[in-house]
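1. give the three-dimensional model of this entry:
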Amino acid sequence: MAPNTNGKKRRILIVDDHPLVREWLTNLINQQPDLAVCGEAATAAEAIQAVAALKPEIAIVDISLRDSSGIELIKDLKRICPSLVVLVLSMHDESIYAERTLLAGANGYIMKREAAKKVSEAIRCVAEGRYYLSDAIAQTILTQFVQGRTQAPRSIVELLSDRELAVFDLLGEGQGTRQISEKLRVSIKTVQAYCARIKVKLNLDSGKDLLREAVRHKTTKGTE
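-> All right, here's what the predicted structure looks like:
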């Protein structure tokens, strides 16, 4: 996306299931001379409808939503509107999720714990057509690119696919198989298949071991 030189404000959609976050972001963005919030969405379904109806240029997306995996939402949004610029704003550890979101089609990743000045910087960066990552994560990704992916993963969850990680996260939140199937819009058998693959990849012997590891992972990286 090229810099805006025609005086029109860039239209931004906020996708987050926390009303206070949406309100804070709206106030922050509407203070900018060339940016404006054109709509809000609390769920993936609302986000898809809003993109179709409002035609935003930028979407600021949380990857933890009540009705969907945020990573899957990014993929859906980019299919619907390939030109849409997506900035992820999340509490989730960037060392685990930043690269995944970029591969899904996002243009940047910033954590909610950052100061308002940094968040504004990230929004400005993607609005001007550039990519935004923290210096540490940018260096990590660059190192992986130079060295190739023959090095050992930094975390066991790097072994998981996006869908497997979504299931793993939901297990860590205490959600059962049926709840996960409803949230991810897949069958119970599909969720069970994901769980089986996760156990193999993480070398876990039983469902109890899987649940314990999922809770430990969730506790370690923090929750929304």
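2. residue contacts, Gln179?
-> For Gln179, the contacting residues are Leu170, by Cβ atoms under 8 Å, 6 or more residues apart in numbering. C-beta: built from backbone N, CA, C; applies to glycine.
3. list the buried residues of the helix or strand harbouring it.
-> Assignment of secondary structure by DSSP states H and E places Gln179 within helix 177-184. For helix 177-184, burial by neighbour count (16 or more other Cβ atoms under 10 Å) applies to Thr177, Ile180, Ser181, Lys183, Leu184.
4. pLDDT and distance to Leu204 added to the residues you listed, as a markdown table?
-> Formatted as a markdown table, the buried residues of helix 177-184 follow (pLDDT from 0 to 100; distance: Cβ to Cβ, whole Å):
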| residue | pLDDT | distance to Leu204 |
| --- | --- | --- |
| Thr177 | 92 | 16 |
| Ile180 | 90 | 17 |
| Ser181 | 91 | 20 |
| Lys183 | 85 | 22 |
| Leu184 | 86 | 20 |
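5. tell me the pLDDT of the most centrally placed residue in the chain.
-> Of all residues in the chain, the one closest to the mean position by Cα atoms, centre = their mean is Ile63, 3.1 Å from it. Note on Ile63: pLDDT of 87.
6. and for Val215?
-> pLDDT recorded at Val215 is 88.
7. contacts only, for it.
-> Val215 makes contact with Leu171, Gly172, Gly174, according to Cβ under 8 Å, 6+ apart.
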